[in-house]
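> sequence unknown, structure follows:
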Ligand code: PLP
C-alpha cells in the first residue's frame, strides 16, 4: 500500500555535509577536505586535547559521580565557570547577579534557545545577521518564527570588513531589532572588527536601542588568549546594557560531539535575570528536558583547576600557532608561484577560516581536477592543511585562478 509519507518531498542537501559526503566517496589518494569546520592536527587526523583526556580519566575514576538527570538549566559548576570564562571572573554583571546562564546542547541550541526566548518574550521580532555568516544562523531564528534581515559585513574588494556598510545597515534597522554578532573568528570570513570598530558598533547599537546577540564559538581560537578574544563581548557588558551570548566548546576544547554550550542573558537587574531564568526553563523543558552531563563535566573539571586551565591554554595556543603558520605558508606559496591577485587577506584574516575569494566555478574546478573540497563560497578550513599539502593547494589555486 501507499506510505503515510508518500507526499514527503526530498529536501535539498545541506551544503557543508554534501561536501563531506563527496569527499568521502572520492577514491583519490591526494584528496583534501578543507570543508567542514573542525580542527585537524598536522598529520590530518582529528585532534583530542590532552587536557580533555586527563579530565575524562578523572571523571571516570571519581565514583561519587552519578548519571542522574541534571537540572533543566544544566550543571551548576559548568554554568558558573562558563559565565566567568566569557565575561571575566571579576565581571560586575556576574557579581551583581545580572547574568543568567543556562547549559545548552552545544552552540547551536544556545542560539536556538535564545531565539525561542526572544520570540516569546521580546517585542521586536526582526533579527539582523551578517552577510555572509555561519550557514545555520538563519535557521535558528526562522525556526523560532523571527524575521531575518542581513547587514553588510564583508567587503569583497578589500577582503576585509565593510564597516561603512555595517554601520549604515544597523543604522537603518528598526528600533529594538536583534543583532547577531560573532564575537571573534568570524565564520566564514575570518574577518573581525578591530577594538575601535567594536566601539563604533557598540555606540550605534546602544544609541538605537538594538539588542546584541553574540555568537561566541571561537573564544581563544583567534589570538590564543581567552580574555583578548572575549573583548568584543566585554565592551558591551561594561556599559551596563543588555545582551545575549551563546557559547560553544566544540572548537575551543575540541569536544565537537559532546555538544557542550551555554546561553547567557545579561540583564539590567538581578530580579529581571532571575525571571528570565525561570522562562528559559520553560523553553528548554519541551525540547530535551535537561542537558547531557559528560561534556559539561569535562569543561567544568578543566575550568575548575588552575593547572588544567594552563594546560588547555597551551594546547589552544599551539592550535592557533599552527593555523597562523599555515596562513604564512599558503601566502608564500602563492607569491612564489606568481599567482595573479592580492592574497594578503590569507594572512590578515584570523581564526580557522580563510575566505579565499575563489568563486563557485573555481571551487568546482579544485574539486574536479585536484580532489580538493571546500564550501562553494570559497571558505578554506586552514586546519585541514599541513606543510605537506600547502604546495598542492597552492598549485591548484594557481591553476584555478589562471584557467578560470
Ligand atoms: N556558531 C558558529 C559561528 C559556528 O561556526 C558553529 C560551528 O561551526 C556553531 C556556532 C555551532 O557550534 P556547535 O557545534 O557547538 O553547535
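Perfect, I can see it now. Since the structure is predicted, the reported quantities are computational estimates derived from the model, not experimental observations.

> Next, work out how far apart residue 95 and residue 247 are.
When distance is defined by Cβ to Cβ, to the nearest Å, residue 95 is 19 Å away from residue 247. For every residue, glycine as well, the C-beta is placed using N, CA and C.

> Residue 313 too?
Plainly put, residue 313 is 16 Å away from residue 247 if you go by Cβ to Cβ.

> Comparing these two, which residue is more hemmed in?
Between residue 313 and residue 247, counted using other Cβ atoms under 10 Å, residue 247 has the larger neighbour count: 29 against 15.

> Doesn't the more buried one belong to a strand?
Yes: counting by DSSP: H, G, I helix; E, B strand; the rest coil, residue 247 falls inside a strand.

> show me what contacts it?
Contact partners of residue 247, counting by Cβ atoms under 8 Å, 6 or more residues apart in numbering, are 82, 85, 86, 107, 110, 216, 217, 219, 261, 262, 263, 264.

> which residue packs closest to it, ignoring adjacent ones?
Closest residue in space to residue 247, ignoring its immediate chain neighbours: residue 262 at 4.6 Å, by Cβ to Cβ, 6 or more residues apart in numbering.

> Packing partners of the helix or strand where that neighbour lies?
Element membership for residue 262 (DSSP states H and E) is strand 260-266. For strand 260-266, the contact count by 3 or more Cβ pairs under 8 Å, 6 or more residues apart in numbering; DSSP states H and E identifies helix 76-87, strand 99-105, helix 106-121, strand 243-248, helix 270-288, helix 294-303 as packing neighbours.

> Relative to the whole chain's centre, how far out is that strand?
On the basis of Cα atoms, centre = their mean, to the nearest Å, strand 260-266 sits 13 Å off its chain's mean C-alpha point.

> residues of the longest helix seen in the chain that come out buried?
If you go by DSSP state H, the chain has its longest helix at helix 306-337. Going by neighbour count (16 or more other Cβ atoms under 10 Å), the buried part of helix 306-337 is 308-309, 311-312, 315-316, 319-320, 322-324, 326-327, 329-331, 333-334, 337.

> show me the contacts for residue 288.
Contact analysis of residue 288 by Cβ under 8 Å, 6+ apart lists residue 105.

> what does this structure put close to the ligand?
Residues of the chain that fall close to the ligand, judged by Cβ under 6 Å from any ligand atom: 37, 106-108, 134, 182, 187, 215, 217, 248, 250, 256, 261.

> pLDDT added to the residues you listed, as a markdown table?
As requested, the residues of the chain next to the ligand are arranged in a markdown table below (pLDDT from 0 to 100):
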| residue | pLDDT |
| --- | --- |
| 37 | 91 |
| 106 | 97 |
| 107 | 98 |
| 108 | 98 |
| 134 | 97 |
| 182 | 98 |
| 187 | 98 |
| 215 | 99 |
| 217 | 98 |
| 248 | 98 |
| 250 | 98 |
| 256 | 98 |
| 261 | 98 |
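
> Show me the two of those that sit farthest apart.
182 and 256 (18.1 Å; Cβ to Cβ).

> Between those two, which is the more surrounded one?
Using other Cβ under 10 Å as the criterion, residue 182 and residue 256 rank with residue 182 on top: 24 against 18.

> any idea how far the nearest residue to the more buried one once chain neighbours are set aside lies from residue 118?
The shortest distance from residue 182 to any non-neighbouring residue, by Cβ to Cβ, 6+ apart, is to residue 215 (5.2 Å). Computed as Cβ to Cβ, the residue 215 to residue 118 distance reads 14 Å.

> Likewise for residue 99?
17 Å.

> Look at the two and report which has more neighbours.
Set residue 99 next to residue 118 and count neighbours by other Cβ under 10 Å: residue 99 wins out with 26 against 23.

> Wait, that one touches residue 88, no?
No: in this structure, residue 99 is not within contact of residue 88 by Cβ atoms under 8 Å, at 11.3 Å.

> Please name the residues that touch the closest residue to residue 403 other than its chain neighbours.
Among residues not flanking residue 403 along the chain, residue 365 sits closest, at 7.0 Å (Cβ to Cβ, 6+ apart). Counting by Cβ under 8 Å, 6+ apart, residue 365 makes contact with 399, 400, 403, 404.

> how about 10 Å then?
Neighbour list for residue 365: 358, 359, 372, 396, 397, 399, 400, 401, 403, 404 [criterion: Cβ atoms under 10 Å, 6 or more residues apart in numbering].

> Quick check: the fourth one touching residue 356?
No: using Cβ atoms under 10 Å as the test, residue 396 is too far from residue 356 to be in contact (11.2 Å).

> before we move on, the earlier item: note down every partner strand of the strand holding residue 262 and its orientation.
Strand pairing for strand 260-266, using DSSP bridges, gives strand 99-105 (antiparallel), strand 243-248 (antiparallel).

> Residue 269 touches residue 97, doesn't it?
Yes: counting by Cβ under 10 Å, residue 97 is a contact partner of residue 269 at 8.7 Å.

> now the helices and strands packed on strand 260-266 as JSON lines including distance to residue 55?
Compiled in JSON lines, these are given as follows (distance: least, Cβ to Cβ, whole Å):
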{"stretch": "helix 76-87", "distance to residue 55": "12"}
{"stretch": "strand 99-105", "distance to residue 55": "16"}
{"stretch": "helix 106-121", "distance to residue 55": "18"}
{"stretch": "strand 243-248", "distance to residue 55": "18"}
{"stretch": "helix 270-288", "distance to residue 55": "24"}
{"stretch": "helix 294-303", "distance to residue 55": "4"}
